[in-house]
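**Student:** Below: sequence and its predicted model.
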Amino acid sequence: RKEVEQDPGPFNVPEGATVAFNCTYSNSASQSFFWYRQDCRKEPKLLMSVYSSGNEDGRFTAQLNRASQYISLLIRDSKLSDSATYLCVVNVANTGNQFYFGTGTSLTVIP
Amino acid sequence: GAVVSQHPSWVICKSGTSVKIECRSLDFQATTMFWYRQFPKQSLMLMATSNEGSKATYEQGVEKDKFLINHASLTLSTLTVTSAHPEDSSFYICSAAGTEVGFIYQHFGDGTRLSIL
């Protein structure tokens, strides 16, 4: 079983739409959770950390559900510039700074 | 924010050449650095975890004699692709683990596009 699983998509949504991605993780001891964004032919860039209580950054909202072992990312009012691959990342602290990446979810926002 | 510099950005060389890629953490000390490889339209694949002052930990299926990793200081890790062949052509990305506000983040370098002719 993979440490982190994501729906690869692709998600094709019109501008202004709301889109949500989910990611599940298998290790209940996982400590930290992140969403990264990767544009085509570029390196991943941190989008936001995911706090236990959930957190919001502008149009982006991240949620963590430890009981069900999943994290989510909600993007409201999608922009063309949101088109990218979104990577779910989990840090399992008891494995010595080992980070596990999901395969990424591809999002295309259509005019 | 933390910056990780990766060099070179692009490499094109003949088959059989060895290629060295550097990864530097510019404004923080990174005891752990990671090396990834990404083929077109595929996800990141962790190749190895590099720990300062000790041997790297390689993922299953990654040849340690083919991909030499050196992490001699807290700010520099190098990946050497020895006797590179066309199938080694890929996008290689390093990252460094740093701590901010209680979280351990991965900060990525810009990546190196390696093309072996």
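**Tutor:** Happy to help now that I have it.

**Student:** got the residues of chain A near chain B?
**Tutor:** Within reach of chain B by C-beta under 8 Å from any C-beta of the partner chain, chain A has these residues: A:32, A:34, A:38, A:41-46, A:49, A:87, A:89, A:91, A:93, A:96-99, A:101-104. (Glycine included, C-beta is placed from N, CA and C.)

**Student:** Which ChimeraX command selects the buried ones in those?
**Tutor:** Of these, the buried ones go into a single ChimeraX selection, burial set by 16 or more other C-beta atoms under 10 Å in any protein chain shown:
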select /A:32,34,38,43,44,46,49,87,89,91,97,98,99,101,102,103,104
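
**Student:** Hmm, residue B:94 is touching residue B:110, no?
**Tutor:** No - taking contacts as C-beta atoms under 8 Å, residue B:94 lies outside contact range of residue B:110: 9.4 Å.

**Student:** could you dump stretch A:21-31 to CSV, C-alpha only?
**Tutor:** The C-alpha coordinates for stretch A:21-31 follow below in CSV (Å, rounded to 0.1, in the frame of the first residue of the first chain):
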residue,chain,number,x,y,z
PHE,A,21,-8.8,17.4,-3.9
ASN,A,22,-8.4,14.7,-1.4
CYS,A,23,-5.4,12.7,-0.3
THR,A,24,-5.2,9.8,2.0
TYR,A,25,-2.2,8.6,4.0
SER,A,26,-1.5,5.2,5.5
ASN,A,27,0.7,5.9,8.5
SER,A,28,-1.3,7.0,11.5
ALA,A,29,1.9,8.4,13.1
SER,A,30,2.3,11.0,10.3
GLN,A,31,3.1,14.4,11.8
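
**Student:** which other residues reach that stretch?
**Tutor:** The contact list for stretch A:21-31 (C-beta atoms under 8 Å, 6 or more residues apart in numbering or on different chains) reads A:1-7, A:11, A:33, A:66, A:68-73, A:86, A:88, A:90-94, A:100, A:102, A:105, A:107.

**Student:** Which helix or strand in chain A has the lowest average pLDDT?
**Tutor:** One helix or strand of chain A scores below all others by mean pLDDT, DSSP states H and E: strand A:98-101, with a mean of 84.
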